[in-house]
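1. need coordinates for the following:
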Amino acid sequence: MRTLRLHRTARTSALATAAVLAALSLTACGGGDSSAAGTPAPVSDAPSPQPANDAKAPAEQGKDAAGSTTSPDAGSAPDSADSAPAAATKKDSGSTHAEPAANTSKGGDSGVVTLACHGGNSKVTLKPVTRPVNHMLLTVTNTGSKSCNAYGYPAVRFGEAQAVPPVYEESKPQAVVTLFPGESAYAGVMTNSADGSGTGGYSTKNLTVYFQGRDLSGSTGQGAKVPLSEKVYVDSTLTVTYWQADMADALMY
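-> Numbering: from 1, shown residues only. Modelled structure (predicted):
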């Protein structure tokens with residue numbers, strides 16, 4: 001019995017030894033993978049990629065919630081149509097007039113005068129003269145604060161006359177007569193014929209004078225009511241001259 005126990009003990013020891021050797025052998029074979037199984041992998045220094053949903057393409061980086069593209073400071077930039085002054089939209093309306101030259105003579109005005117004299121800025125008087133016979137002198141005086149031009153000739157209306165009397169064409173001046181404030185222009189008026197050849201004569205105390213504009217195509221501005229101290233007799237030969245700068249020139253016809 002003792003011998004049998006020794007054999008079993010020896011056998012058990014041999015099996016245990018074999019098992020230990022086998023374990024050691026397995027351990028030796030798996031040593032190269034120990035880092036993978038039990039040791040954490042080294043951390044990389046490279047930044048981890050951003051999730052696709054968090055990154056925006058450059059083309060989408062200025063889009064608002066509605067999908068419209070705006071620049072970063074679009075909200076602070078003024079709207080060009082609203083900021084531009086209305087005056088810069090249109091400059092001189094394409095006018096081709098030359099720049100007026102300064103005028104430093106009497107009256108203190110500057111530039112080219114285009115304002116017409118009329119009843120609103122002038123006073124008109126009619127006075128009889130001794131020569132020529134049957135003539136009267138019409139005087140227009142600038143009572144305004146700006147210079148005005150006495151264009152063409154006066155359109156006189158005695159009483160209820162329906163037609164403008166004719167003008168002596170030969171009395172047309174070389175240039176338009178410009179009146180500075182306080183200055184006067186003159187026109188001669190032949191009221192009736194000296195030889196009695198006129199027709200349709202009548203007497204009146206009412207006289208209105210109308211003024212021509214720059215284009216000489218009709219009246220402009222207000223008419224002037226002219227006070228008369230006595231009745232004036234006129235007939236079909238009623239004729240006027242152009243406005244003159246000199247009184248003598250107005251009474252030559």
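2. for Gly213, which residues are in contact?
-> 116, 151, 219-221 (CB atoms under 8 Å, 6 or more residues apart in numbering). C-beta: built from backbone N, CA, C; applies to glycine.
3. look up how far Thr220 lies from it.
-> 4 Å (CB to CB, to the nearest Å).
4. now do the shared contacts for these two.
-> Joint contacts of Gly213 and Thr220 (CB under 8 Å, 6+ apart) are 116, 151.
5. and the least confident of the contacts of Gly213?
-> pLDDT across the contacts of Gly213 is lowest for Ser219, at 91.
6. if I look at it, how far off is Gln174?
-> 24 Å.
7. neighbour count: these two, which is higher?
-> Neighbour count, other CB atoms under 10 Å: between Ser219 and Gln174, Ser219 has more, with 17 against 5.
8. in the sheet, who's paired with the closest residue in space to that one that isn't next to it in sequence?
-> Nearest residue to Ser219 in three dimensions, chain neighbours excluded: Tyr210, at 4.0 Å (CB to CB, 6 or more residues apart in numbering). Using DSSP bridges, the bridge partners assigned to Tyr210 are Ala155.
9. now for Tyr210: which residues touch it?
-> By CB under 8 Å, 6+ apart, the contact set of Tyr210 is 154-157, 164, 219, 223-224.
10. what score does Gly196 have for pLDDT?
-> 88.
11. what number of residues lie near it?
-> Residues near Gly196, counting by other CB under 10 Å: 10.
12. go on, Tyr168?
-> 16.
13. swap in Ala161?
-> 17.
14. go on, Ser184?
-> Using other CB under 10 Å, Ser184 has 18 other residues around it.
15. which residues touch the nearest residue to it once chain neighbours are set aside?
-> Distances taken as CB to CB, 6+ apart place Thr141 nearest to Ser184, at 4.4 Å, with adjacent residues excluded. Applying CB under 8 Å, 6+ apart, we find Thr141 in contact with 122-125, 179, 182-184.
16. just the buried ones from those?
-> 122, 124-125, 179, 183-184 (16 or more other CB atoms under 10 Å).
17. mind putting those residues into CSV with secondary structure?
-> Below are the buried ones among the contacts of Thr141 laid out as CSV (DSSP: H, G, I helix; E, B strand; the rest coil):
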residue, secondary structure
Ser122, strand
Val124, strand
Thr125, strand
Leu179, strand
Glu183, coil
Ser184, strand
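18. run through the bridge partners of the spatially closest residue to Gly182 that is not a sequence neighbour.
-> In this structure, Gly182 finds its nearest non-sequential neighbour in Asn142, 6.4 Å apart by CB to CB, 6+ apart. Beta-bridge pairing for Asn142 (DSSP bridges): Ser122.
19. now Asn142: how far from Val156?
-> 19 Å.
20. need the helices for this structure, in chain order.
-> 2-29, 34-38, 80-83, 247-250 (DSSP state H).
21. ok, of these, where does mean pLDDT dip lowest?
-> Looking at the helices of the chain, the weakest mean confidence is helix 80-83, a mean of 34.
22. surely Ser197 is in contact with Thr237?
-> Yes: with contact defined as CB atoms under 8 Å, Ser197 reaches Thr237; the gap is 6.8 Å.
23. between the two, point out the one with more neighbours.
-> Ranked by neighbour count (other CB under 10 Å), Ser197 and Thr237 place Thr237 first, with 20 against 10.
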